[in-house]
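*Asks:* pasting a predicted model and its sequence here:
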Amino acid sequence: MLARSRAGSFNFLRLIEHDDEVVVTYEMTKPNGEKGRNTEILRVKDNKIISVEVCFGWDVLADH
């Protein structure tokens, strides 16, 4: 799944729902072409996000 914003584009690699949590891993491409990857864990209650843990990721090399 690909999304675009002013910050660049995002390719969602992993979306896992378990109980009241969703785990999301995405790869982003910045406007300058650099790539990075992050994972976030979101807790949901009553259809609202109540907390977010961000595991700041790593740079993705051009040949990957």
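*Replies:* Here it is on my side, so go on.

*Asks:* give the other helices and strands that the lengthiest strand in the chain contacts.
*Replies:* Identified as the longest strand of the chain according to DSSP state E is strand 48-60. Here strand 48-60 touches strand 35-45, going by 3 or more Cβ pairs under 8 Å, 6 or more residues apart in numbering; DSSP states H and E. (Glycine included, C-beta is placed from N, CA and C.)

*Asks:* what lines up beside the strand it packs on in the sheet?
*Replies:* The partner list of strand 35-45 in its sheet, established with DSSP bridges, is strand 21-29 (antiparallel), strand 48-60 (antiparallel).

*Asks:* can you redo the ones you listed as TSV with distance to residue 10 and mean neighbour count?
*Replies:* Below are the strands paired with strand 35-45 laid out as TSV (distance: least, Cβ to Cβ, whole Å; neighbours: other Cβ atoms under 10 Å):
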stretch	distance to residue 10	mean neighbour count
strand 21-29	5	17
strand 48-60	12	11
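
*Asks:* so which of those comes closest to residue 35?
*Replies:* strand 48-60 (3.9 Å; Cβ to Cβ).

*Asks:* for that closest one, give the mean pLDDT please.
*Replies:* Across strand 48-60, pLDDT averages out at 87.

*Asks:* quick thing: my sequence starts at 19, can you match it?
*Replies:* Will do, 19 is the new start, and the previous item becomes strand 66-78.

*Asks:* so how far is stretch 65-79 from its chain's centroid?
*Replies:* The chain centre lies 6 Å from the centre of stretch 65-79; the measure is Cα atoms, centre = their mean, to the nearest Å.

*Asks:* could you list everything the one residue sitting closest to the centre of the chain pairs with in the sheet?
*Replies:* A centroid search over the chain (Cα atoms, centre = their mean) returns residue 44, at 3.5 Å, as the residue closest to the centre. According to DSSP bridges, the residues that bridge with residue 44 are residue 30, residue 56.

*Asks:* residue 33 versus that one, what's the distance?
*Replies:* Look at residue 44 and residue 33: by Cβ to Cβ, to the nearest Å, they are 9 Å apart.
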